[in-house]
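A.B. asks: need coordinates for the following:
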Amino acid sequence: MLKHLIALTFLLASAAQAAPADKLIGVWELDLPSLVESPRLQKLPQDQKDAAVKMMSQMLKGLTFEFTAEGQMILTLKDKKKSGTYAVSKVEGNTYTLSTEIKEGETGKKEEIKLELMTDAQMKLFAPDDSVVVLNKQGVAAVAAPVAPVAPVAPVAPVAPVAPVVPVAPVAPVAPVAPVAPVAPVAPVAPVAPVAPVVPVEPVAPVAPVAPVAPVVPVEPVAPVAPVVPVAPVAPVAPVAPVAPVAPVAPVAP
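C.D. replies: Numbering: from 1, shown residues only. A predicted model of the protein is given here:
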């Protein structure tokens with residue numbers, strides 16, 4: 001689109017010298033913000049559209065072309081200029097069809113383009129590749145497009161009467177809050193006694209190595225015990241004879 005648009009501005013030449021429309025005469029400048037409204041750009045994803053508009057705005061910034069009463073067109077883009085001729089082949093209301101030709105070397109290329117005058121200070125250019133750009137006329141204040149008539153507002157339905165507000169019962173007075181007793185002062189905290197310094201521990205003397213244990217002397221085997229000889233039974237004891245009674249002792253004489 002960009003290549004075709006730049007080439008299109010060089011196409012405003014014509015084989016026939018028809019009288020130009022007076023409203024086209026003057027210097028027209030490309031309206032950069034309008035690039036985003038091009039139908040071809042609208043089909044792109046948002047990120048690609050933003051990148052295309054940014055690139056075109058940088059490349060086409062300051063693009064102007066001039067229609068003269070003699071049918072000449074002068075294109076200026078930055079520090080480059082090209083000249084040609086144009087002719088209006090058809091007029092339908094505010095739409096002008098131009099038969100154009102651009103000369104490159106010894107050859108030429110003919111095309112038709114359309115211009116639609118929106119106001120005396122602004123028009124649209126429709127390129128053969130379906131791209132559309134807006135041109136602003138230098139030295140002419142922009143005129144706002146007529147505002148479409150506003151549709152009549154439908155009558156508002158009557159508002160239903162509001163029910164009377166029920167009076168609110170008076171709120172009982174709040175009892176006074178009893179005064180808060182003063183807080184007793186906190187007794188000062190006794191200072192903490194200083195901690196006694198830790199007495200250093202005397203180093204422990206190294207433990208003497210344990211002497212090796214003498215080997216255990218093997219015990220001689222015990223001789224077997226001789227069997228016990230059985231004891232002969234004891235003979236029964238003969239009964240003891242009864243003791244004779246003791247005779248009484250005679251009394252001693254005085």
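A.B. asks: just give me the longest strand of the protein.
C.D. replies: Counting residues, the longest strand in the chain under DSSP state E turns out to be strand 107-119.
A.B. asks: just checking, what packs against that strand?
C.D. replies: Strand 107-119 makes packing contacts with strand 95-104, strand 122-126 when contacts are defined by 3 or more Cβ pairs under 8 Å, 6 or more residues apart in numbering; DSSP states H and E. C-betas here are computed from N, CA, C, even on glycine.
A.B. asks: what's the burial count for Val166?
C.D. replies: Counted with other Cβ atoms under 10 Å, the burial measure for Val166 works out to 6 neighbours.
A.B. asks: per-residue pLDDT, Lys137?
C.D. replies: Among the per-residue scores, Lys137 shows a pLDDT of 92.
A.B. asks: ok, of the helices and strands packed on strand 107-119, where does mean pLDDT dip lowest?
C.D. replies: strand 95-104 (a mean of 78).
A.B. asks: alpha carbons only: can I get it in CSV?
C.D. replies: Output for strand 95-104, consisting of C-alpha atoms alone and laid out as CSV, is shown next (Å, rounded to 0.1, in the frame of the first residue of the first chain):
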residue,chain,number,x,y,z
THR,A,95,-16.8,13.2,-6.2
TYR,A,96,-14.2,13.9,-8.9
THR,A,97,-12.7,11.2,-11.2
LEU,A,98,-9.2,12.1,-12.5
SER,A,99,-7.5,10.5,-15.5
THR,A,100,-3.9,10.4,-14.5
GLU,A,101,-0.6,9.5,-16.0
ILE,A,102,2.9,9.3,-14.5
LYS,A,103,6.0,9.6,-16.6
GLU,A,104,9.0,7.6,-15.6
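A.B. asks: next helix or strand past the lowest-mean-pLDDT helix or strand in the chain?
C.D. replies: Counting by mean pLDDT, DSSP states H and E, the weakest-scoring helix or strand in the chain turns out to be helix 2-8, with a mean of 56. Elements were assigned by DSSP states H and E; along the chain past helix 2-8, the next helix or strand is strand 26-30.
A.B. asks: in that following strand, which residues are buried?
C.D. replies: Using 16 or more other Cβ atoms under 10 Å as the test for burial, strand 26-30 gives Val27, Trp28, Leu30.
A.B. asks: so the first one touches Leu135, yeah?
C.D. replies: Yep, that's Val27 we're talking about. No: Val27 is not in contact with Leu135 according to Cβ atoms under 8 Å; the separation is 9.7 Å.
A.B. asks: returning to what we had before: direction included, what does the longest strand of the chain pair against?
C.D. replies: Take DSSP bridges as the rule and strand 107-119 pairs in its sheet with strand 95-104 (antiparallel), strand 122-126 (antiparallel).
A.B. asks: these: which one's closest to Leu75?
C.D. replies: The stretch from the strands paired with strand 107-119 with the least distance to Leu75 (Cβ to Cβ) is strand 95-104; that distance is 9.9 Å.
A.B. asks: list phi and psi for Val36.
C.D. replies: Backbone dihedrals for Val36, given as degrees, to the nearest 10, come out at phi -70, psi -20.
A.B. asks: and the gap between the closest residue to it other than its chain neighbours and Leu32?
C.D. replies: Closest residue in space to Val36, ignoring its immediate chain neighbours: Val53 at 5.0 Å, by Cβ to Cβ, 6 or more residues apart in numbering. Separation of Val53 from Leu32 (Cβ to Cβ, to the nearest Å) stands at 9 Å.
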